[in-house]
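Undergrad: Next input, structure requested:
(one chain, ligands or ions: 1)
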Amino acid sequence: TNEQKALFIIFGGTGDLAQRKLYPSLFNLYKQGYLKKHFAVVGTARRPWTNERYQEIVRNSISGMEVTAQQANEFSSHFYYQSHNVNDTEHYETLRKLADELENKYEFEGNRVFYFAMSPQFFATICQHVKTQELVTEKGYNRVVIEKPFGHDVKSACELNDSINKYFPEKDVYRIDHYLGKEMIQSIPALRFSNNIFNALWNYRYIDNIQITLSEALGVEERAGYYENAGALRDMVQNHILQTVALLTMNAPTMYADEDIRKEKISALKALRVYDPEGVKQNFVRGQYGPGNGQVAYREENQVDPHSQTETFVAGRIFVDNMSMAGVPIYIRTGKRLTKKETRIDVVFKNAPYNVFGHGKLKRNILSFKVEPNPGMELRLNGKKVDFDQYSIQSMHLRHEHGEEIQSKMPVGYEKLLYDVLQGDSASFSHWDEVYYSWRFVDSIRQAWDQENLPEDAFPNYACGSMGPKAATDLLKEDGNKWHFRP
Ligand code: BG6
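TA: Model prediction:
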């Protein structure tokens, strides 16, 4: 394998994200030999930890994986801790010295990855100090990896972006959307652009509608502090859902390479139909969970305002007004405390223009991307029913599931994304223009909702364990459609 050389500097190195996602992902890259001798990690955070303490945390974070004690020790020996206050200039001096020492020891060829795993309010000051205190190298690359949320509306996202771009050019900025690291999300372009049957049919003439469901069984858990101000629209629609919409509606890139893909994704997101308040009313539904299944209502969760109007569910009808997809409703929904954890996309094709079999109704052809929990795809066709005295049609499912062996080889989301950062491949990250157009769309909904005076008892409007409020079903009924995924 092709060993990558780099020093990671993780701001927020003691946090939940670092422990749950980053260290296990780095370990997988290490196990496969992508990271080897020439890599090290400096973790920073406020608390005064020793290297030993930090390395123990790193070992703990990978203890559930397939790992020998020796591997764990070797891997964690590449981790260094530096107590750090992001506003203190002197601390960046110390950090630079440590980085330079490590450069001598491990020889990263000047490659540095600055990973921001902390609240976005600190991004600007970190960027500034990293640059002015000369933590960036002349030789090698300097890449910045940023976690969501990237702003909370167009305005704040623009400000955030300006403050980063002042010090780092767009090409060095990697905005994480972990859904883009999921294998079956990455499969959307593969299916669309490598099969002429789908390439030919992928437009308003043959696609009736598209349905995207990101459903979660968990509630708000420990994150009410963040979630109360975000809500499902900002938390899931602005990023994961709209990125998925872009992959489903973009035109074919000239080549499957980051520049070309990005261009097409930006065009798709730019073509999102932005609603006025009346349009929002007609096309978007929000919900909040009440009690059910032995679980408490959102308003009773820890740190949640008992009168909270925050939405924990969103459903909507989206249009991408470009030449091939205009007029195709894209139904989306996401929510907490729904029936089960599942992510899937159903592309529903139009019926044949005429039913030569006379009786009965033909079922729709549906192409499903099953993202999680069992990655695979499915195509629903009509075929002949085995029957002696009557020629009749029945629905059949062609299924492909990535079996256990393939699944065991599937990179976990962050692993692939971190690898892409090391390779300088930004195809699976959100470019600034994509973020901008996504916020523009989301803002129009948020603003309409904020202006609406919801009565106190509008929420809760769905029970824990259900698939959301009735209005989300009615939304499709109005068009003579229904959700095909009904757990
Ligand atoms: C995150 C959201 O971006 O995605 C969370 O902030 C959500 O609220 C999570 O639970 C879902 O991700 P996944 O990979 O579990 O589907």
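
Undergrad: can you list the domain ranges for the chain.
TA: 6-147, 180-412+437-477 (automatic domain parsing).

Undergrad: Out of those domains, which is closest to the ligand?
TA: domain 180-412+437-477 (4.7 Å; CB to the nearest ligand atom). Yep, even glycine has a C-beta here, placed from its N, CA and C like the rest.

Undergrad: Mean confidence (pLDDT) on the closest one, please.
TA: Computed over domain 180-412+437-477, the mean pLDDT rounds to 96.

Undergrad: Can you give the distance of that domain from its chain's centre?
TA: Centroid separation for domain 180-412+437-477 versus its chain: 13 Å, with CA atoms, centre = their mean, to the nearest Å.

Undergrad: Contact partners for M65?
TA: With contacts defined as CB atoms under 8 Å, 6 or more residues apart in numbering, the neighbours of M65 are 24, 27-28.

Undergrad: Adding neighbour count as columns, could you present those residues in TSV?
TA: Converted to TSV, these look like this (neighbours: other CB atoms under 10 Å):
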residue	neighbour count
P24	19
F27	23
N28	21
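
Undergrad: For the closest residue to R364 other than its chain neighbours, pull up the helix or strand it's in.
TA: Using CB to CB, 6 or more residues apart in numbering and skipping residues adjacent in sequence, the residue nearest R364 is V348, 5.2 Å away. Here V348, judged by DSSP states H and E, is contained in strand 342-349.

Undergrad: quick one: contacts for Q133?
TA: For Q133, the contact set (CB under 8 Å, 6+ apart) comprises 89, 92-93, 95-96.

Undergrad: May I ask which of the residues you listed has the most neighbours?
TA: Most neighbours among the contacts of Q133, by other CB atoms under 10 Å: Y92, with 23 neighbours.

Undergrad: three-state assignment of that residue?
TA: When classified by DSSP: H, G, I helix; E, B strand; the rest coil, Y92 comes out as helix.

Undergrad: Contact partners for it?
TA: Counted by CB under 8 Å, 6+ apart, Y92 has contacts 129-130, 133, 135.

Undergrad: distance of it from E109?
TA: Using CB to CB, to the nearest Å, one obtains 22 Å as the distance from Y92 to E109.

Undergrad: any idea which of the contacts of Q133 is closest to K270?
TA: Y92 (38.1 Å; CB to CB).

Undergrad: okay if I get the contacts of Y92 as JSON lines plus pLDDT and distance to A257?
TA: Listed next are the contacts of Y92 as JSON lines, based on pLDDT from 0 to 100; distance: CB to CB, whole Å:
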{"residue": "H129", "pLDDT": "96", "distance to A257": "34"}
{"residue": "V130", "pLDDT": "96", "distance to A257": "29"}
{"residue": "Q133", "pLDDT": "93", "distance to A257": "35"}
{"residue": "L135", "pLDDT": "95", "distance to A257": "30"}
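
Undergrad: Show me which residues of the protein sit near the ligand.
TA: Applying CB under 6 Å from any ligand atom, we find that the chain lies next to the ligand at 178, 216, 235, 343.

Undergrad: quick one on the thing from earlier: could the contacts of M65 go into JSON lines alongside distance to V173?
TA: What follows is the contacts of M65, written out as JSON lines (distance: CB to CB, whole Å):
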{"residue": "P24", "distance to V173": "24"}
{"residue": "F27", "distance to V173": "25"}
{"residue": "N28", "distance to V173": "24"}
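
Undergrad: Excluding chain neighbours, give the residue nearest to the most centrally placed residue in the chain in space.
TA: Taking CA atoms, centre = their mean, the centroid of the chain lies closest to Y179, which sits 3.0 Å from it. Nearest residue to Y179 in three dimensions, chain neighbours excluded: H240, at 4.1 Å (CB to CB, 6+ apart).

Undergrad: On the three-state scheme, that neighbour is what?
TA: helix.

Undergrad: before we move on, which element is the closest residue to M184 other than its chain neighbours in?
TA: Leaving aside its chain neighbours, M184 sits nearest to V371 (4.1 Å; criterion: CB to CB, 6+ apart). According to DSSP H and E, V371 maps onto strand 366-372.

Undergrad: same question, Y81
TA: Using DSSP H and E, Y81 falls in strand 79-83.

Undergrad: That strand pairs with which strands, and in what direction?
TA: Looking at strand 79-83 with DSSP bridges, its partner strands are strand 39-45 (parallel).

Undergrad: can you dump the C-alpha coordinates of the partner strand into CSV?
TA: Provided in CSV are the C-alpha atoms of strand 39-45 (Å, rounded to 0.1, in the frame of the first residue of the first chain):
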residue,chain,number,x,y,z
PHE,A,39,2.6,9.9,10.7
ALA,A,40,1.7,11.5,14.0
VAL,A,41,-1.2,13.1,15.7
VAL,A,42,-1.1,16.1,18.0
GLY,A,43,-4.3,16.4,20.0
THR,A,44,-5.2,19.7,21.6
ALA,A,45,-7.8,20.8,24.0
